[in-house]
Each structure stands twice: as structure tokens, then as C-alpha cells.
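Enquirer: Using only what follows, build the 3D model:
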Amino acid sequence: MEEQAKQQPQGAALTDPIYRFDGQISLKKAIPFGLQHVLAMFVANIAPILIVTGAVKMPTEQAAALIQAAMIMAGVGSLFQMFPVGHLGSRLPIIMGISFTFVSTFCVIGAKYGYGAILGAALVGGCLEGCLGLIARWWRRFIPPIVSASVVTSIGFSLLGIGANSFGGGVGNPHFGEAPFMIVGTVTLLSCLIFNIKARGFYKQLSVLFGLIVGYITAFFFGMVDLSKLGSAGLFSLPTPLPYALEFHPDAIFSVFLIFLVSATETLGDTSALTVMGFGRNATDKEIEGSICVDGFISALSSLFGCLPITSFSQNVGLIAMTHVVNRKAVASGAAIMILAGLFPVLGVILASLPDAVLGGCTLMMFGSIVVSGVRMLGNCGYSQRNMTIAALSLSIGIGFTQNPAIFKIFPDLMKSVFAENCVAVVFVVAVLLNFILPDNLEMK
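Expert: This is a model prediction of the structure:
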């Protein structure tokens, strides 16, 4: 009974079972919310694979098989988060997906050694991160609330650019920012807002799904929806274990393990943000440990199927922050849809046809919700001079420096690959260092 009381969203007025982690809801009610989670992260889940496989010149048909494996691994990892097995899982509605954090490092390793070295490093690094997750309660003491709050705030700020890039048509689009993309993005955003204002009850929380549907239809009339691969997609396909020979190179393993530490930091921040925004409380040691264990061990499992590491998705944390829908059955239905998208390629092709502008119109508000929640967490930490110094310096250095990656020119290539464009990692390191350095009794003179 005490555990059930803990698993409540913010706001006593939210009495519908959809707002309770173990609330009993019908499958008909759960599926739309699960689909909403899948659509919010689908493009971002497959993009890292396309980038890395492109860098190693992998044939298109092989890359397509890895995308299928990515959907299955993301779904399996998400289910472990919500339905823990032993220490593996947080018992929180966390959605997992392929991490962008590793992309730059993997491109370097792939160019030097090949794709097999990427998978070997991911296998070792994932196992090491999973082991760190098992003892998270012992090192978490060095990460006080002000550090977690700074990291959560930086996660929100780091996603704003992604939302804006999608709104304008997607990174690398030669027609970026042209009228059709801006119109589709605006129609999608307005659809979300209008539905959120006009809808009643729990239907109000389906505003993102409604916006995606309206935006998709609008984008179709603008010729942005590409379903050309639908005819060539197979009906059913299973992922192949060990599709590539694993290679183990010490320098590759070391550099990837450093990125896994960054991934663990992001997962800790996402878990902390989700419990604050979804349940109105701080994350427990058990939840942090289970969350990071999944992050590591499922990433290791993913490598055995030729896929890249899995991590918690901040996009979906933002969706929970906006809707407060934390029901396990609702979010787990999204994980099931991801697995089906991997097993049935036709479904995957349809989901992958979602245009960037539509996604951007829906995600801007979601990502902004993470920023606002991070600021609220900072306020809950108190406005002491010490806390203000840690937050101000970590955020200004982390966000400011990574907006100008050339400032890392004098650093070794390994450090540049980890920090130059990852503001979350820089904010975390600076905040932890300041927490050690600054005296506890620092006061404003």
C-alpha cells in the first residue's frame, strides 16, 4: 500500500487510473498513449544507426536489418524498466532507445577498425555500466540534488535545438526553413494546443498524438510523406544474433566506456526528472540502480544483435512531464508497438515516414516542459550562494562551450569526442567538481 502511494502523479485532482502507475485501464485506452510515445521517439531512435552505418559504408539492406533490431531492443529495454527482473529495471515508465551520445565516437572507431570494433566496445562498455548501476547507491552520494537538477535542466536545453531543427525540416535538409516545413510544423503545434484546450478528461493528454495525426495528413498534401519503401518491405522478420564478428581494441573500449559514463549520467538525470515530474518525489536508490542497470546490460545485449547502445529517452520524459500519464500498461503498450515494428517491417516503414516538421511541431512543448521542470528542481534545492554558483557555472560552461565546439581545440581528440558537443556531460562534470571544491558554508558577502 505504501509503494502504491509513492507511485502517484503530481496533483490530487488526477484521479483517473491512467495517472497511476498500476492503474487498471483497458487495452483500448492504453494503446493510443503508447503509440504517442512511439511516434515521439521513432525518428530519433533510428537516426543514430543511419549515421553510423553511413560512416562505415554499410549496405542499405544491412542497415535496414539493424533498424529492425533497434526497435526490438528499445522495446525490450523499456519493458525491463517497467517490469523489473531482479536488479534489472526501475519499475518506472521509462522508454528506451538508441543513444545519440555515442555517434561521434562510433564514427571514429568505425572508420579506424570497422563495425565489429564498435560492437565489441559496446559489449564491454555496456557490461561495465551495468555493473556500475548495481552499486549506484554508493556513488550516488557524490551527486546531490543540485547536481541532478542542473543535469535535468541541461537535458531540456540540449533538446530545444533538436526540436527547432525538426520544425524547420530536419538537419541537412537543403530546403530547411522554407514555407512548407514551417506551415506543417505550425499546423502540428497549433493542433496540439487546440486539442489540449478543447478536450476533456484524460483525452486531453492525447494532444501530441492528435497533433501528429493532423500534421501527418497536412505533410502528405505537401508531398513530405515517403511511402515508396512500403512495397519492398517484408511481412515478418526476426533479428539475427551476432551478424558481425566482434572485435576488441583497448583504445576503442576505453573511449566507449567514457561515453557510457556520460550515458549513465543522462539516465540518472532522466530518472530523477521523471519521478519529480510524474510522481512528485525524488528517485530512490533502487530506481536509479535498476534504471542504469538496464541502460548498461541491454546495451550489451543490443551489441550481440549488431545494434548500437540503448539509453533512456528524454523526449518521452518530456511527454510524461506534459501529460502526467504514468500508467505502466499505457507506456508498456508503446514498448510492445516498438517490438512489433521490428518484427513486422511494414509497420516500421509507416512509422519511419513521419516527417521531421511534424515531429518538431509536437516536441517543442515537450522539451520545454523538461526545462521548466529542471528549473523547478533547482528552486526546490534552495537559493543558497553555493547552489546558485554550482547551477550558474555548470549551465553557463556546459551550454556555452558546447555551442562553440572550437573552444575544445587544445583538448585531446578523445575528450573532444566526449564533451565538445555534449552539454549534459560538461554540465555534469563541472557541477560535480564544484560540489567537491566549494565549501559547504559558502555565503554571499
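
Enquirer: for the chain, which helix is longest?
Expert: helix 27-55 (DSSP state H).

Enquirer: Quickly note the distance from Leu235 to Leu246.
Expert: 30 Å (C-beta to C-beta, to the nearest Å). Every C-beta, even on glycine, is put in place using the N, C-alpha and C of the backbone.

Enquirer: quick one: which of the two has more around it?
Expert: Leu246 (18 against 8; other C-beta atoms under 10 Å).

Enquirer: Tell me where this structure has strands.
Expert: 96-98, 310-312 (DSSP state E).

Enquirer: Please work out which residues outside the first one touch it.
Expert: When you say that, I think you mean strand 96-98. 41, 44-49, 70, 73-74, 77-78, 81, 294-295, 298, 307-313 (C-beta atoms under 8 Å, 6 or more residues apart in numbering).

Enquirer: if you set the cut-off to 6 Å instead, what comes out?
Expert: The contact list for strand 96-98 (C-beta atoms under 6 Å, 6 or more residues apart in numbering) reads Met41, Asn45, Pro48, Ala70, Ala74, Gly77, Ser78, Leu308, Ile310, Phe313.

Enquirer: Ranking by neighbours, what's the top pick from the residues you listed?
Expert: Ser78 (33 neighbours).

Enquirer: right, and it touches Ala335 too?
Expert: Yes: the pair Ser78 / Ala335 is scored as a contact, 3.8 Å apart, by C-beta atoms under 6 Å.

Enquirer: Got phi/psi on the spatially most central residue of the chain?
Expert: In the chain, the C-alpha nearest the mean C-alpha coordinate belongs to Phe313, at 1.5 Å (C-alpha atoms, centre = their mean). Here is the backbone geometry of Phe313 (degrees, to the nearest 10): phi -100, psi 120.

Enquirer: Thr323: what's its closest spatial neighbour, skipping adjacent residues?
Expert: Gln205 (3.8 Å; C-beta to C-beta, 6 or more residues apart in numbering).

Enquirer: For the one you found, the count of nearby residues, please.
Expert: Using other C-beta under 10 Å: Gln205 sits among 25 other residues.

Enquirer: Could you check how far the residue nearest to the residue nearest to the centre of the chain when sequence neighbours are not counted is from Gly201?
Expert: If the residues on either side of it in the chain are set aside, Phe313 comes closest to Gly97, at 4.5 Å by C-beta to C-beta, 6+ apart. In this view, Gly97 and Gly201 are 29 Å apart by C-beta to C-beta.

Enquirer: what about Cys307, distance to Met71?
Expert: For Cys307 relative to Met71 (C-beta to C-beta), the value is 10 Å.

Enquirer: the more surrounded of these two?
Expert: Ranked by neighbour count (other C-beta under 10 Å), Cys307 and Met71 place Met71 first, with 30 against 26.

Enquirer: thought Gly311 was touching Val294?
Expert: For residue 311 the amino acid is Thr, not Gly. No: assessed by C-beta under 6 Å, Thr311 is found out of contact with Val294, at 9.3 Å.

Enquirer: hang on, the earlier thing: which pair of the contacts of strand 96-98 spans the longest distance?
Expert: Pro48 and Ser78 (16.8 Å; C-beta to C-beta).

Enquirer: so who does Asn45 touch?
Expert: Counting by C-beta under 6 Å, 6+ apart, the residues that Asn45 touches are Ala74, Gly97, Ile98.

Enquirer: now Gly215: how far from Thr323?
Expert: Taken as C-beta to C-beta, the span from Gly215 to Thr323 is 18 Å.

Enquirer: So which of the two has more stuff around it?
Expert: Gly215 (28 against 25).

Enquirer: So the more buried one is in contact with Thr188, correct?
Expert: Yes: contact criterion C-beta under 6 Å: Gly215 and Thr188 qualify, at 3.2 Å.

Enquirer: Mutual contacts of these two, please.
Expert: Counting by C-beta under 6 Å, 6+ apart, the residues touching both Gly215 and Thr188 are Val358, Gly361.

Enquirer: Could you count how many residues lie near Ala65?
Expert: 20.

Enquirer: So for it, what pLDDT did the model give?
Expert: Turning to Ala65, the model gives it a pLDDT of 81.

Enquirer: can you tell me how far the nearest residue to Leu230 once chain neighbours are set aside sits from Gln315?
Expert: Nearest non-adjacent residue to Leu230, counting by C-beta to C-beta, 6+ apart: Val349, 5.3 Å away. Separation of Val349 from Gln315 (C-beta to C-beta) stands at 21 Å.

Enquirer: Quick check on those two: which one has the bigger neighbour count.
Expert: Gln315 (26 against 21).

Enquirer: Would you confirm that the more buried one contacts Ala40?
Expert: Yes: under the criterion of C-beta under 6 Å, Gln315 makes contact with Ala40 at 5.2 Å.

Enquirer: hmm, back to that, now the longest helix of the chain, how far from the centre of its chain.
Expert: 10 Å (C-alpha atoms, centre = their mean, to the nearest Å).

Enquirer: Tell me the buried residues in that helix?
Expert: Within helix 27-55, the residues that qualify as buried are 29-50, 52-53, 55, counting by 16 or more other C-beta atoms under 10 Å.

Enquirer: Equivalent analysis for stretch 390-402, please.
Expert: So, applying 16+ other C-beta under 10 Å, buried residues of stretch 390-402: Ile390, Ala391, Leu393, Ser394, Leu395, Ile397, Gly398, Ile399, Phe401, Thr402.

Enquirer: what's that stretch in contact with?
Expert: Contact partners of stretch 390-402, identified using C-beta under 6 Å, 6+ apart, comprise 146, 150, 154, 157, 378, 407, 421, 423, 426-427, 430-431, 434.

Enquirer: What of stretch 263-275?
Expert: Applying C-beta under 6 Å, 6+ apart, the external contacts of stretch 263-275 come out as 92, 99, 101, 129, 148, 151-152, 155, 281, 283, 288, 291-292, 295, 311-312, 314, 317, 373, 424, 428.

Enquirer: Would you write a ChimeraX line that selects the buried entries of those?
Expert: Selection of the buried residues among the contacts of stretch 263-275 in ChimeraX, burial being defined by 16+ other C-beta under 10 Å:
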select :92,99,101,129,148,151,152,155,283,288,291,292,295,311,312,314,317,373,424,428
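
Enquirer: Please flag which of the contacts of stretch 263-275 sit within helices.
Expert: 129, 148, 151-152, 155, 288, 291-292, 295, 314, 317, 373, 424, 428.
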